[in-house]
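# My questions concern the predicted model and sequence given below.
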Amino acid sequence: MALTTAERKSATSVTGARRLPSDKVRPSKHNAITKAASEMFLADGFERVSLDQIAQRAGVSKQTIYSHFSDKEGLFRAICTELTERLTIPLRKSAAEGDLRSTLTRLGEDTLAMMLHPASLDLHRLVMSAAARFPDLGRVAYEAGAMRMIHDLSTLLMQRSQIGDGLAAPLSEDRARILAEQFIGMLRGFHQMRGLLSIEPATAAGRSAYVEACVDLLLRGAGTQHTPA
C-alpha cells in the first residue's frame, strides 16, 4: 500500500531520530578507545597490547575499533597526532604577536614546557619503544611533532626577516630551516633527557634564563650567512 505524503514525512523523521544517537555516540567512543589504548600502550608497550584488550577496556567491540582506526597501527597514529595537536596549541598561539625577540622567547618557553609535560614525555617514551620495530609509527610522530614545529618556526623566521624584525637580512628557506632546527634542538638540550629519566628539572627561573640564551644564540647566528664548503 502506498504511503501518503504525511506518512512518508513521519517515517523520515523517525529514521532520522534513530540515526541521531549513533552519530552523537561516535566521538565518545573514539575518545574512549584512544584513552584506553594510550593507557595500555604506555603501561605494557605497543606490541604486547591487543585490540581485544583495548576493546574490553574501552567498552566497545573490536569491530568498532576497526571502523574508527582500521588497525592497531592506525590507532597508534591517531593517538600520536591527537596528543601532539593538543600539546602544540600553545606554540601556535605564541607566534601571533610581538617583535621577533619577544615572540621567540614566548615560543621557547612554551616549547620547553610542552617538551617537559608528563603527557609529552609519555608520548616520547612510547614512540621510542615502538619505532625500532615499526618505523612508520616513528615517522608519523616526527611529522606531527618536531617536523611541524620546525616548519612553523622557519616560516616565522623568513617572514620576520623580510621586514627586518630582529634580523639584518632576508633569510633563504634553507637557512631558516637550519636555524629553526638548531633552536628547537637547543631548547630540548638536556632538559628533555632529565625529564625522561625522572631527574628533577631546572627551576622556572633557570629555564627562562636558558631560553633567553637560546634566543640570543639564534639571533646572532641568523646574522651570519655561512657558505657551504
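It's in. Numbering: from 1, shown residues only.

# alpha carbons only for contacts and neighbour counts from here, please
Noted.

# Centroid-nearest residue for this protein?
T84 (1.5 Å; C-alpha atoms, centre = their mean).

# Excluding sequence neighbours, find me the nearest residue to it.
For T84, ignoring the flanking residues on the chain, the nearest one in space by C-alpha to C-alpha, 6 or more residues apart in numbering is G145 at 5.9 Å.

# can you pull the contacts of the one you found?
With contact taken as C-alpha atoms under 8 Å, 6 or more residues apart in numbering, G145 is in contact with T81, T84, T88.

# Also R160?
Going by C-alpha under 8 Å, 6+ apart, the list of residues near R160 reads L100, G166, L167.

# In terms of helices and strands, where is it?
Assigned by DSSP states H and E, R160 belongs to helix 146-162.

# got the buried residues for that helix?
For helix 146-162, a neighbour-count test (16 or more other C-alpha atoms under 10 Å) marks M149, I150, D152, L153, S154, T155, L156, L157, M158, R160, S161 as buried.

# Return the distance of it from the chain's centre.
16 Å (C-alpha atoms, centre = their mean, to the nearest Å).

# Looking at it now, give me its mean pLDDT.
For helix 146-162, the mean pLDDT works out to 90.

# Likewise for stretch 48-64?
For stretch 48-64, the per-residue pLDDT averages 94.

# what's the answer for stretch 122-135, then?
84.

# Name the residues that touch that stretch?
By C-alpha under 8 Å, 6+ apart, the residues outside stretch 122-135 that reach it are F41, L42, G45, F46, E47, C80, L83, L137, G138, A141, L196.

# Quick check: which element contains the second one?
Taking DSSP H and E as the definition, one finds L42 inside helix 5-44.

# Check which element follows that helix along the chain.
Remark: after helix 5-44, the chain's next helix or strand is helix 51-58, criterion DSSP H and E.

# lowest confidence element among the helices and strands of this structure?
Here the helix or strand of the chain ranked lowest by mean pLDDT, DSSP states H and E is helix 5-44, holding a mean of 62.

# Show me what counts as buried in the helix or strand containing R106.
R106 belongs to helix 100-116 when assigned by DSSP H and E. Neighbour-count burial for helix 100-116 flags 100-101, 103-116 (criterion: 16+ other C-alpha under 10 Å).

# D52 and D71, how far apart?
Noted for D52: a distance of 12 Å to D71, by C-alpha to C-alpha, to the nearest Å.

# no, scratch that, I was asking about R220
From R220 over to D71 the distance is 48 Å, taken as C-alpha to C-alpha.

# Touching the helix or strand containing G206 from outside, list them.
Using DSSP H and E, G206 maps to helix 204-222. The contact list for helix 204-222 (C-alpha under 8 Å, 6+ apart) reads 101, 104-105, 108-109, 166-167, 171, 179, 182-183, 186-187.

# Identify the farthest-apart pair in these.
The most widely separated members of the contacts of helix 204-222, counting by C-alpha to C-alpha, are E109 and L171 (23.7 Å).

# hang on, the earlier thing: any buried residues in the next helix or strand after the helix holding R160, and which?
Counting by DSSP H and E, the next helix or strand C-terminal to helix 146-162 is helix 173-188. Within helix 173-188, the residues scored as buried using 16+ other C-alpha under 10 Å are R175, A176, R177, L179, A180, E181, Q182, F183, I184, M186, L187, R188.
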